[in-house]
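Student: sharing a model prediction with you, sequence too.
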Amino acid sequence: MQGLGTPLPNQHSEVVQESLPGTYDVTEFVAETLLPTRTGKYRLRGYRHTFDGGRTYTEPSVIMTGRPENGSEIPVRVHDACFTSEVLGSLKCDCAGQLQMAMGYIQENGPGLIIYLQQEGRGIGLANKIAAYALQEEGLDTVDANRALGLPDDCREYSSVRNILQNLGIRSIRLMTNNPRKIKVLEELGVVVTARIPCIMKAQEHNMGYLATKQARMSHWMDDGPDSLDGSYCFWNHDGEPLKPSVLKGPPTPPQLPNSNGKLIGRP
Ligand SMILES: Nc1nc2c(ncn2[C@@H]2O[C@H](COP(=O)(O)OP(=O)(O)OP(=O)(O)O)[C@@H](O)[C@H]2O)c(=O)[nH]1
């Protein structure tokens, strides 16, 4: 397998896995630096990753506190890019808040890490996500908008997570998530998840419908009730917890979909 670029001297290491017979994913460590931020200092590690034999690659990064290397039960957030909330400050989702929450959590409860993946829009990409938002303005929810575009609900790929954990020698993790699919997919890849840390953000008027859809249609856990394996940490003080779907806006009226005249390109 060819390398994906030129790593810095003396820092190169890579993990190669045969996920499916004859299909290799390669995750290559490139470099590490120390990053001061508003919430403290983090170790920032850069990787390159391909799961299609080098035809395409992404650049996962790891935001880290302390020395989690070779540890067990490490708190880990697997976070997918959300340009709209993280860069532009959009209020339509809870992604930026979850990232900030995770950064705070690993400062206070380190060593820990956030694996940040370039999988905008649950893997469909930014342009397609914008198209999905346009359909949500017409009344579709986040799931039906993807489907109306002929795109999957969620096509995120997590083999880089397994490879990065292996690169760091981390044997097991406590995953910061509300998403059962994420736990399942990671476990199927061989990641040992010993507990879940809820990662729940307070709902507000612009993301209430989105959070309700995540709970109702994608089975996200939106409270830190009995199914929580580690409910010891919760980001807010329970004033104004997310409303239950029954008290949120009713299901939207199906809209007239516009004729599709632009090309929307899904993930190959
Ligand atoms: N297609 C699509 N993607 C969205 C939308 N809103 C946010 N996203 C993307 O959703 C991803 C985050 O997924 P979520 O379902 O919010 O949460 P999760 O990561 O699955 O679960 P948690 O670990 O609990 O946060 C990011 O890649 C965002 O860019 C939307 O309306 N449509």
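Tutor: Nice, thanks for sending it over.

Student: could you pull out the strands for the stretch 101-250 of the chain?
Tutor: Taking DSSP state E, counting those that start in this stretch as the criterion, the stretch 101-250 of the chain contains strands spanning 112-117, 173-176, 193-197.

Student: for the first one, packing partners?
Tutor: Which is strand 112-117. On a contact count with 3 or more C-beta pairs under 8 Å, 6 or more residues apart in numbering; DSSP states H and E, strand 112-117 meets strand 61-65, strand 74-80, helix 95-108, helix 159-168. Placement of C-beta: from N, CA and C, glycine included.

Student: reformat those as TSV; add mean pLDDT.
Tutor: Listed next are those as TSV, based on pLDDT from 0 to 100:
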stretch	mean pLDDT
strand 61-65	98
strand 74-80	98
helix 95-108	95
helix 159-168	96
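
Student: which of these sits most buried?
Tutor: strand 74-80 (a mean of 24; mean count of other C-beta atoms under 10 Å).

Student: of the helices and strands packed on strand 112-117, which is nearest the ligand?
Tutor: strand 74-80 (3.5 Å; C-beta to the nearest ligand atom).

Student: outside of that closest one, which residues touch it?
Tutor: Applying C-beta atoms under 8 Å, 6 or more residues apart in numbering, the external contacts of strand 74-80 come out as 68, 95, 98-99, 102, 105-106, 109-117, 119-120, 122-123, 156, 158, 161, 165, 170, 172-177, 182, 186, 197, 199.

Student: distance between that strand and the chain's centre?
Tutor: 8 Å (C-alpha atoms, centre = their mean, to the nearest Å).

Student: what's the next secondary structure element after that strand?
Tutor: In the C-terminal direction, the helix or strand that comes right after strand 74-80 (DSSP states H and E) is helix 83-86.

Student: and that next one, does that touch the ligand?
Tutor: No - if you take C-beta under 6 Å from any ligand atom as the test, helix 83-86 misses the ligand, and the best it gets is 6.9 Å.

Student: what does that helix contact?
Tutor: Contacts of helix 83-86 (C-beta under 8 Å, 6+ apart): 90-97, 99, 120, 126, 129, 133.

Student: so which of the residues you listed reach the ligand?
Tutor: Among these, the ligand is touched by 93, 95, 120, 129 when using C-beta under 6 Å from any ligand atom.

Student: which ones among those map onto helices?
Tutor: 95, 129 (DSSP state H).

Student: which of the ones next to the ligand among the contacts of helix 83-86 are buried, as a ChimeraX select command?
Tutor: A single ChimeraX command selects the buried members of these (16 or more other C-beta atoms under 10 Å):
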select :93,95,120,129
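
Student: just give me the neighbour total for T142.
Tutor: Neighbour count for T142, taken as other C-beta atoms under 10 Å: 23.

Student: and if you look at E137?
Tutor: That count, for E137 with other C-beta under 10 Å as the rule, works out to 9.

Student: also T23?
Tutor: Neighbour tally, T23, other C-beta under 10 Å: 12.

Student: that one: what's it in contact with?
Tutor: T23 neighbours (C-beta under 8 Å, 6+ apart): 51, 53.

Student: and the pLDDT for it?
Tutor: Note on T23: pLDDT of 71.

Student: flag every residue of the stretch 101-250 of the chain that's near the ligand.
Tutor: 119-122, 124, 129, 132, 142, 146, 177-179, 182, 199, 214, 220.

Student: recalculate using a threshold of 8 Å.
Tutor: 119-124, 128-129, 132-133, 136, 142, 145-146, 151, 154, 156, 175-179, 181-182, 199, 210, 214, 218, 220-221 (C-beta under 8 Å from any ligand atom).

Student: of these, buried ones?
Tutor: Buried, going by 16+ other C-beta under 10 Å: 119-124, 128-129, 132-133, 136, 142, 145-146, 151, 154, 156, 175-179, 182, 199, 210, 214, 218, 220-221, out of those.
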